[in-house]
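Chemist: what follows is a predicted structure for the sequence shown.
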Amino acid sequence: MINHTAYMAVGSNMGDRKRNCLNGIDLFVELTRAELLGQSPFYQTEPMYVIDQDWFINGVFSIKTQRPPLELFHLAKKVEARLGRNLNTKRYGPRVVDLDILLVDDLKVQTTDLEIPHPRMHERRFVLQPLVDIAPNQHHPVLDKSIQELLSNLDDANMKVICCQ
């Protein structure tokens, strides 16, 4: 079996946001039978796209797993549903927990359900900042830059991301 290193984003803006994120990480690691390699601090972040909602808690974690990317995606959706996320609500709206695959090794995946690397990660300080905390030199296989370079070149001076751990 092939071992993959995957980087995952986790976020919540409902209820006990930090506890929701921790529960999401724990359940995801358990269901994937993965090894947790690293976890960033959590950040309070203002919402993007739909701004009339509570602020989020966001973080990033990395795992070592034998699961292929599409299986990781389906297990992430299972964790979200199990923890109370209604998958039929408005896109970018409030959510109990959100799990997104950011990177898996240097793989490029594009299906109707999944795109890796995550197609908008390079636009999001709430993803790049915690990812830099655990993997600043990780390579983005499409943009051919390190995560640190992507964060340094991010043009979103008004986006608030506040460390809260």
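Modeler: Looks like it arrived, so ask away. Nothing here was measured: the structure is a model prediction, and the numbers come from that model. Residues are numbered from 1 along each chain as shown.
Chemist: could you measure Ser12 against Arg67, distance?
Modeler: From Ser12 across to Arg67, the span is 23 Å (Cβ to Cβ, to the nearest Å). Using the backbone N, CA and C atoms, a C-beta is placed for each residue, glycine as well.
Chemist: which one of those two has more residues nearby?
Modeler: Ser12 (27 against 20; other Cβ atoms under 10 Å).
Chemist: residues in contact with the lowest-mean-pLDDT helix or strand in the chain?
Modeler: Lowest mean confidence among the helices and strands of the chain (mean pLDDT, DSSP states H and E): strand 161-163, at a mean of 74. With contacts defined as Cβ atoms under 8 Å, 6 or more residues apart in numbering, strand 161-163 is touched by Pro41, Phe42, Tyr43, Gln44, Thr45, Asn58, Arg125, Phe126, Gln129.
Chemist: now tabulate the residues you listed in CSV and tack on secondary structure.
Modeler: As requested, the contacts of strand 161-163 are exported to CSV (DSSP: H, G, I helix; E, B strand; the rest coil):
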residue, secondary structure
Pro41, coil
Phe42, coil
Tyr43, strand
Gln44, strand
Thr45, strand
Asn58, strand
Arg125, helix
Phe126, helix
Gln129, helix
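Chemist: narrow these to those that are buried.
Modeler: The neighbour count (16 or more other Cβ atoms under 10 Å) marks Phe42, Tyr43, Gln44, Thr45, Asn58, Arg125, Phe126, Gln129 as buried among the contacts of strand 161-163.
Chemist: what's across from the third one in the sheet?
Modeler: What that stands for is Gln44. Ile57, Ile162 (DSSP bridges).
Chemist: got the contact list for it?
Modeler: Taking Cβ under 8 Å, 6+ apart as the test, what Gln44 contacts is Trp55, Phe56, Ile57, Lys160, Val161, Ile162, Cys164.
Chemist: turn those residues into a markdown table, including distance to Thr112 and neighbour count.
Modeler: Below are the contacts of Gln44 laid out as a markdown table (distance: Cβ to Cβ, whole Å; neighbours: other Cβ atoms under 10 Å):
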| residue | distance to Thr112 | neighbour count |
| --- | --- | --- |
| Trp55 | 32 | 15 |
| Phe56 | 27 | 24 |
| Ile57 | 30 | 23 |
| Lys160 | 34 | 12 |
| Val161 | 31 | 19 |
| Ile162 | 36 | 11 |
| Cys164 | 36 | 15 |
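Chemist: among those, which two are most distant?
Modeler: Ile57 and Lys160 (13.1 Å; Cβ to Cβ).
Chemist: tell me, what's touching the two both at once?
Modeler: What both Ile57 and Lys160 touch, as defined by Cβ under 8 Å, 6+ apart, is the set Gln44, Thr45.
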